[in-house]
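Participant: Coordinates for the following, if possible.
(one chain, ligands or ions: 2)
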Amino acid sequence: MVKAKKFVLINQFSGFPKESDVEIQEEELPEIKDGEFLCESLYISVDPYQRAYPQKTGDVIMGSQVAKIIESKNPEYPVGKHVVGHYGWKTHHILDNSPSRLGIPPKIIPDDLGVNLSHFLGVLGLTGLSAYFGFLKICRPKAGETVVISAAAGAVGSIVGQLAKNRQCKALKESAPEGVDIYFDNVGGEISAIVLKHMKEYGRISVCGSISSYNEKEEIRVPLVQRDMVSKQLKMEGFLIKQFVDYFSEGVYENARWLKQGKLKSKETITKGFENTFQAFTNMLRGKNFGKALVEL
Ligand SMILES: NC(=O)C1=CN([C@@H]2O[C@H](COP(=O)(O)OP(=O)(O)OC[C@H]3O[C@@H](n4cnc5c(N)ncnc54)[C@H](OP(=O)(O)O)[C@@H]3O)[C@@H](O)[C@H]2O)C=CC1
Ligand SMILES: CCCCCC(=O)/C=C/[C@H]1[C@H](O)CC(=O)[C@@H]1CCCCCCC(=O)O
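Facilitator: Ligands and ions are numbered 1, 2, ... in the order given. Sure thing, here's the model as predicted:
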């Protein structure tokens, strides 16, 4: 009998998440049934959306994992293979072909890509794909254009910055005297209101997230955007990565190709130990991560 450990939400987050809002609980897992497989988590992803989205008390905290299949009664998921899933912060899972709450079933990790397993939660996972699709497909960058990225050192932002440089764009950290062609927004709020003022005519804004608001109890108020949107004829588009789910393999293989060519570097901040998952989560919310924040079990 396998005893799984899991992080359960016991109080709704209010403001910045507190240790007392979650609890590690143990769960005796039953024997697997036909069509099921048992997997052991190797890496767990901590992400801002775990604070942004409402979660029910008593539920396992949502999140993705890379796990190794250790027992199987499902020929599609053989023992020894690794999967990426979105089944929560838990050490062991009994799964089958059923999709997660993101509508995606467990994905077998290809053995032939020659990259770290952890990359499938970062540069080759939901954050790397958010950078790939959110920047390349929504912003359609052109050489010589000026790009500004908020939360540029993070999991998504650090990939967008490299994709921008690979396309001979000027990825700026400080001021942009000639104005901004593309703004990749992970933060929202005041910083975005300032960048909007510096957008060039026909600029494009890809809205990936608004982390400046996730821990705020009060609605953040910023200046009206419509005046600049109209006068500068700007395009602003929000997206959720799941909209591109049918094209994920394109993004994974392109990012993997650039990784192997050295054109993309995957930065990760790894916290060791399942019991430190919540700490890794709050460290990320405090900006203590560089690249993708992960937990290695
Ligand atoms: N649309 C989609 O499908 C997806 C959206 N996202 C969104 O993308 C954004 C980045 O996510 P991800 O790369 O995973 O996270 P990051 O790795 O960038 O970590 C979050 C970062 O946000 C910054 N931050 C935290 N709080 C604030 C604040 N109050 N004001 C300004 N900056 C803050 C910190 O960086 P620092 O303080 O160093 O600037 C922190 O490191 C988030 O908004 C997330 O919700 C992510 C994945 C998919
Ligand atoms: C309003 C908050 C915007 C947060 C944007 C964000 O961080 C999205 C993250 C996506 C992640 O990369 C994979 C997803 O599809 C996340 C969005 C939805 C995840 C939670 C599902 C919510 C639910 O089940 O109701």
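
Participant: shaky segments in the stretch 51-200 of the chain?
Facilitator: Scanning the stretch 51-200 of the chain for pLDDT under 70 picks out 173-175.

Participant: Please repeat the previous calculation with a cut-off of 50.
Facilitator: For the stretch 51-200 of the chain, applying pLDDT under 50 flags no range at all.

Participant: Ligand 2 contacts on that one?
Facilitator: The stretch 51-200 of the chain has residues 52, 53, 62, 101, 102, 126 near ligand 2, with proximity defined as C-beta under 6 Å from any ligand atom. (Each C-beta comes from the backbone N, C-alpha and C, glycine too.)

Participant: Could you chop this protein up by domain?
Facilitator: Residue ranges for the domains of the chain, per automatic domain parsing: 2-125+266-296, 126-240.

Participant: Take those and lay them out in a markdown table including mean neighbour count.
Facilitator: Converted to a markdown table, the domains of the chain look like this (neighbours: other C-beta atoms under 10 Å):
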| stretch | mean neighbour count |
| --- | --- |
| domain 2-125+266-296 | 18 |
| domain 126-240 | 19 |
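
Participant: Next, format those as CSV and append distance to residue 251.
Facilitator: Listed next are the domains of the chain as CSV, based on distance: least, C-beta to C-beta, whole Å:
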stretch, distance to residue 251
domain 2-125+266-296, 8
domain 126-240, 4
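
Participant: And those domains: which comes nearest residue 252?
Facilitator: For the domains of the chain, proximity to residue 252 was assessed by C-beta to C-beta; domain 2-125+266-296 is nearest, at 5.0 Å.

Participant: quick one: is that closest one near ligand 1?
Facilitator: Yes: using C-beta under 6 Å from any ligand atom, domain 2-125+266-296 reaches ligand 1 at 47, 48, 49, 52, 284, 285, 287, 289, 293.

Participant: Backbone dihedrals for the residue nearest in space to the middle of the chain, please?
Facilitator: The residue lying closest to the centre of the chain (C-alpha atoms, centre = their mean) is residue 127, at 3.4 Å. When read as degrees, to the nearest 10, the backbone of residue 127 gives phi -80, psi -40.

Participant: mind listing what it touches?
Facilitator: By C-beta atoms under 8 Å, 6 or more residues apart in numbering, the residues touching residue 127 are 47, 121, 155, 156, 159, 292.

Participant: and what of residue 13?
Facilitator: By C-beta under 8 Å, 6+ apart, the contact list for residue 13 reads 21, 51, 215.

Participant: Excluding covalently adjacent residues, which one is nearest to the last one?
Facilitator: Using C-beta to C-beta, 6 or more residues apart in numbering and skipping residues adjacent in sequence, the residue nearest residue 215 is residue 16, 4.9 Å away.

Participant: try the second one
Facilitator: Spatial nearest neighbour of residue 51, excluding adjacent residues (C-beta to C-beta, 6+ apart): residue 214 at 4.6 Å.

Participant: In what element of secondary structure is that neighbour found?
Facilitator: For residue 214, there is no helix or strand it lies in under DSSP states H and E.

Participant: Distance check, it against residue 149.
Facilitator: To residue 149, residue 214 is 18 Å away according to C-beta to C-beta, to the nearest Å.

Participant: related to what we said a few turns ago, same list, the contacts of residue 13, but as JSON lines with distance to residue 171 please.
Facilitator: Output for these, formatted as JSON lines (distance: C-beta to C-beta, whole Å):
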{"residue": "21", "distance to residue 171": "36"}
{"residue": "51", "distance to residue 171": "27"}
{"residue": "215", "distance to residue 171": "27"}
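
Participant: now, among those, which is nearest to ligand 1?
Facilitator: residue 215 (6.5 Å; C-beta to the nearest ligand atom).

Participant: what are the ranges of the helices in the stretch 1-150 of the chain?
Facilitator: Here the stretch 1-150 of the chain has its helices, by DSSP state H, counting those that start in this stretch, at 49-52, 126-131, 138-139.

Participant: I'd like to know which of the ones you listed lies nearest to residue 115.
Facilitator: helix 126-131 (10.9 Å).

Participant: Please see if the closest one touches ligand 1.
Facilitator: Yes: on the criterion C-beta under 6 Å from any ligand atom, helix 126-131 is in touch with ligand 1 at 126, 127, 130.

Participant: Out of these, flag the one nearest to ligand 2.
Facilitator: Taking C-beta to the nearest ligand atom as the measure, ligand 2 lies nearest residue 126 of the residues of helix 126-131 next to ligand 1, at 3.6 Å.
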